[in-house]
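**Student:** Generate a structure from the sequence data that follows.
(one chain, ligands or ions: 2)
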Amino acid sequence: MLANTRGFLWSDVETRALLDIWGEQDVQTALDGNFRNSHVYRDVACRLGEMGFERTPEQCRIRVKSLKRQYYQAKEGTKKNGQYHKICKFYDEMERILSNRPHIDPQDMIDSAAIGDETMDGTEEEGEGIDHPLEAHMESTGECSYAEHPVKLEYPSFPIPVTVGNSTAPRQNNIQSTSGLPAGRPKRSKKRYTNLSLDKLMERFLEQSMEAEENFYKYEEQRLRLEERRREAEHSRELHMLQPNHSLASNPLHPLVIERSFSLGGTVQRSMDILPLVRNIIPPLTSKKHKGQDGRIGIIGGCQEYTGAPYFAAITALKVGADLSHVFCTKDAATVIKSYSPELIVHPVLDSPNALEEVDKWLPRLHSVVVGPGLGRDDKLLKNAKDIIEKSKTRDIPIIIDADGLWLIAQQPSIIQGYQKGILTPNFMEFSRLYEAVHHEPLDSRDNQRSVAQLSSALGNLTVVLKGEEDIITDGNKVMVCSQEGSGRRCGGQGDLLSGSLGVLAHWAFMSSADSTKGVSPSLVAAFGACALTRQCNRQAFHKHGRATTTSDMIQEISSAFKTLYES
Ligand SMILES: NC(=O)C1=CN([C@@H]2O[C@H](COP(=O)(O)OP(=O)(O)OC[C@H]3O[C@@H](n4cnc5c(N)ncnc54)[C@H](OP(=O)(O)O)[C@@H]3O)[C@@H](O)[C@H]2O)[C@@H](O)CC1
Ligand SMILES: Nc1ncnc2c1ncn2[C@@H]1O[C@H](COP(=O)(O)OP(=O)(O)OP(=O)(O)O)[C@@H](O)[C@H]1O
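**Tutor:** Ligands and ions are numbered 1, 2, ... in the order given. Okay, the predicted model is just below:
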């Protein structure tokens, strides 16, 4: 970028660039005899833009008009006293260009300024009056003056309320204009300015400019203050929403939910009650099994933008104990994901025209699918994900829906509604989106446990895990809270670790006998197990890496966290 040229005045270098373009044979030919020439100036402005000078076609046209007038004035002056350079700084350039053109009597050109006839040589489109002192100045005297007054004013590209004149001026003078200059003012006669001295004109122009600038800053300040207030309100609303939940027992507003929530031994279930149930579902490691028996998990997700999320989910599934982990992603994500790990089986099919067919070849062998990590929100991919969910339902396998998969569900809750092996794992934002889509009313975040239970019920008692400072897990009847100690580190990808581990645990839980889970729904046990494991990984990784903890560090902790929680 050579210069910022949003100011009103043209610098010499900018003017020369304009003349170089305008003077080209092709441009002159295009202008010749053409009354409608806006397209030519559009082209000129565009080429100036490419050189780093931002000017509108109209600005270019006016500038050329003014230069021509100066040139013809100078030409006339030359005849009289040879003072042309004082009148027209760009005389030589103009001479070079215009001397090749059909002859126009300079006096005609000069006179035309006085009567506003802009079309006399057939190269100007629609005349315009002069409604600004500086324009008047430039039009009437040439503009050698700006070299003596190197003023560069920057106007914003959006409307600024500009007050012209003193405070007693009529109200219509407050009209905003997109150029940053007052619009809608009655056109003033040129005489009004031509009678004033150059110094006076400049002074008036500067006054107006400063006033405009001041107004702009006032207006901008006001806008920023409003924006700040809006942000603060939004922030306190979010903080309020993220407050630890009121205990259901202490909330007299929702007796129905209290009753339902307390059906698990009269209290919301916490770690001590559920961790033993998770232990019960873990398959023993024996030499009697073959590859695949402990789990073949499919991750549906991974696109150009997001390759980390499906990788985190898939590698977690393996590290938790699945034997095979498949990723079904787009073509351009596949090589990237493969390069992260040779352990993963990666299928570049998600954006192929026969995506469903390709995935369906594998579905009969999969024990569960995790839909959404790194899926993105491309309509085609969402449609394929939807078809895969439908197909997976017919195979009766657990379906964990996370991230962009939840975006899809918020658009069409019926896709998963009522499927008893469906588990949703929203973060707070995803949860409120889902809640509002299903209930058609804003989420009342004073009681998250109740809201999660409501969402689950409305979806046909699907298991829902609301992730947060405490993870709330419910099937609409029972509510569990996982508050396993984690850390204050909230790097992206932790949710993918959770959904990947849940893919495996859900498979194990559904394979286990009702005895092992003491009658508690397998989805709830699996979800609790995955939350506790993710938080434990977070805690351990944070212990080692502190602020530098990343999801990859958490994945390194899976083995020992799993042992600590479920195998000690
Ligand atoms: N390495 C990778 O490849 C990774 C890829 N990933 C993949 O990225 C995709 C998009 O996923 P996503 O979660 O960023 O999506 P989206 O719904 O736009 O949410 C963002 C908005 O929600 C807000 N927000 C979030 N949590 C909140 C909370 N608890 N409480 C309150 N607000 C909360 C937050 O608001 P902010 O604070 O920014 O104003 C933000 O604007 C998806 O495919 C996923 O799998 C990730 O897995 C990470 C690692
Ligand atoms: N404030 C918190 N304190 C402790 N643990 C938390 C907190 N918030 C979230 N977690 C844990 O982090 C894990 C992931 O939750 P998070 O809200 O980061 O998911 P997400 O936004 O879907 O993640 P991702 O970045 O993968 O999209 C969950 O196990 C949750 O328990």
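**Student:** Nearest to ligand 2: which residue in the protein?
**Tutor:** Of the chain, the residue with the smallest distance to ligand 2, taken as C-beta to the nearest ligand atom, is G495 at 2.4 Å. Backbone N, C-alpha and C define where each C-beta goes, glycine included.
**Student:** hey, C-alpha coordinates of the one helix or strand that residue maps to in PDB?
**Tutor:** If you go by DSSP states H and E, G495 is part of helix 494-511. The C-alpha atoms that make up helix 494-511 are tabulated as PDB, following Å, rounded to 0.1, in the frame of the first residue of the first chain:
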ATOM      1  CA  GLN A 494     -10.800 -31.600  26.200                       C
ATOM      2  CA  GLY A 495     -14.300 -32.200  25.100                       C
ATOM      3  CA  ASP A 496     -13.000 -34.500  22.300                       C
ATOM      4  CA  LEU A 497     -11.100 -36.500  24.900                       C
ATOM      5  CA  LEU A 498     -14.400 -36.900  26.800                       C
ATOM      6  CA  SER A 499     -16.400 -37.900  23.700                       C
ATOM      7  CA  GLY A 500     -13.700 -40.400  22.500                       C
ATOM      8  CA  SER A 501     -13.500 -42.100  25.900                       C
ATOM      9  CA  LEU A 502     -17.300 -42.100  26.100                       C
ATOM     10  CA  GLY A 503     -17.500 -43.900  22.800                       C
ATOM     11  CA  VAL A 504     -15.600 -46.800  24.400                       C
ATOM     12  CA  LEU A 505     -17.200 -46.700  27.900                       C
ATOM     13  CA  ALA A 506     -20.700 -46.700  26.300                       C
ATOM     14  CA  HIS A 507     -19.900 -49.800  24.400                       C
ATOM     15  CA  TRP A 508     -18.600 -51.500  27.500                       C
ATOM     16  CA  ALA A 509     -21.600 -50.300  29.600                       C
ATOM     17  CA  PHE A 510     -24.100 -51.600  27.100                       C
ATOM     18  CA  MET A 511     -22.300 -54.900  26.900                       C
END
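**Student:** Show me what it is packed up against.
**Tutor:** Applying 3 or more C-beta pairs under 8 Å, 6 or more residues apart in numbering; DSSP states H and E, one finds that helix 494-511 makes contact with helix 271-281, strand 296-300, helix 308-320, strand 368-371, strand 399-401, helix 403-411, helix 522-545, helix 551-556.
**Student:** and the residue in the stretch 451-568 of the chain positioned nearest to ligand 1, what pLDDT?
**Tutor:** Shortest the stretch 451-568 of the chain-to-ligand 1 distance, computed as C-beta to the nearest ligand atom: residue-wise this is G492, at 3.4 Å. Model confidence at G492, expressed as pLDDT, equals 98.
**Student:** Quick check, it in contact with T551.
**Tutor:** Yes - G492 is within contact range of T551, at 7.0 Å (criterion: C-beta atoms under 8 Å).
**Student:** Overlap in contacts, those two.
**Tutor:** With contacts defined as C-beta atoms under 8 Å, 6 or more residues apart in numbering, the residues adjacent to both G492 and T551 are G308.
**Student:** who's more crowded, these two?
**Tutor:** A side-by-side neighbour count of G492 and T551, using other C-beta atoms under 10 Å, places T551 first with 24 against 12.
**Student:** contacting residues around the more buried one?
**Tutor:** By C-beta under 8 Å, 6+ apart, the contact set of T551 is G308, F312, C491, G492, G493, Q494, D496, L497.
**Student:** So what's the residue count around the closest residue to it other than its chain neighbours?
**Tutor:** Beyond its immediate neighbours in the sequence, the residue positioned closest to T551 (C-beta to C-beta, 6 or more residues apart in numbering) is G493, lying 3.2 Å away. For G493, the count of nearby residues is 20 (other C-beta under 10 Å).
**Student:** my guess is G493 meets T550, correct?
**Tutor:** Yes - the pair G493 and T550 passes the contact test of C-beta under 8 Å, sitting 7.4 Å apart.
**Student:** Name the residues contacting each of those two.
**Tutor:** Shared contacts of G493 and T550, counting by C-beta under 8 Å, 6+ apart, come down to nothing at all.
**Student:** circling back: ok, the residue nearest to T551 to A313 distance?
**Tutor:** Taking C-beta to C-beta, to the nearest Å as the measure, G493 falls 9 Å from A313.
**Student:** In TSV, list the helices and strands packed on helix 494-511 along with distance to ligand 2 and mean pLDDT.
**Tutor:** Output for the helices and strands packed on helix 494-511, formatted as TSV (distance: least, C-beta to the nearest ligand atom, whole Å; pLDDT from 0 to 100):
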stretch	distance to ligand 2	mean pLDDT
helix 271-281	12	88
strand 296-300	13	98
helix 308-320	6	98
strand 368-371	12	98
strand 399-401	11	98
helix 403-411	5	98
helix 522-545	4	98
helix 551-556	7	98
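**Student:** Tabulate these (JSON lines), appending distance to S445.
**Tutor:** Converted to JSON lines, the helices and strands packed on helix 494-511 look like this (distance: least, C-beta to C-beta, whole Å):
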{"stretch": "helix 271-281", "distance to S445": "24"}
{"stretch": "strand 296-300", "distance to S445": "30"}
{"stretch": "helix 308-320", "distance to S445": "26"}
{"stretch": "strand 368-371", "distance to S445": "26"}
{"stretch": "strand 399-401", "distance to S445": "22"}
{"stretch": "helix 403-411", "distance to S445": "17"}
{"stretch": "helix 522-545", "distance to S445": "20"}
{"stretch": "helix 551-556", "distance to S445": "27"}
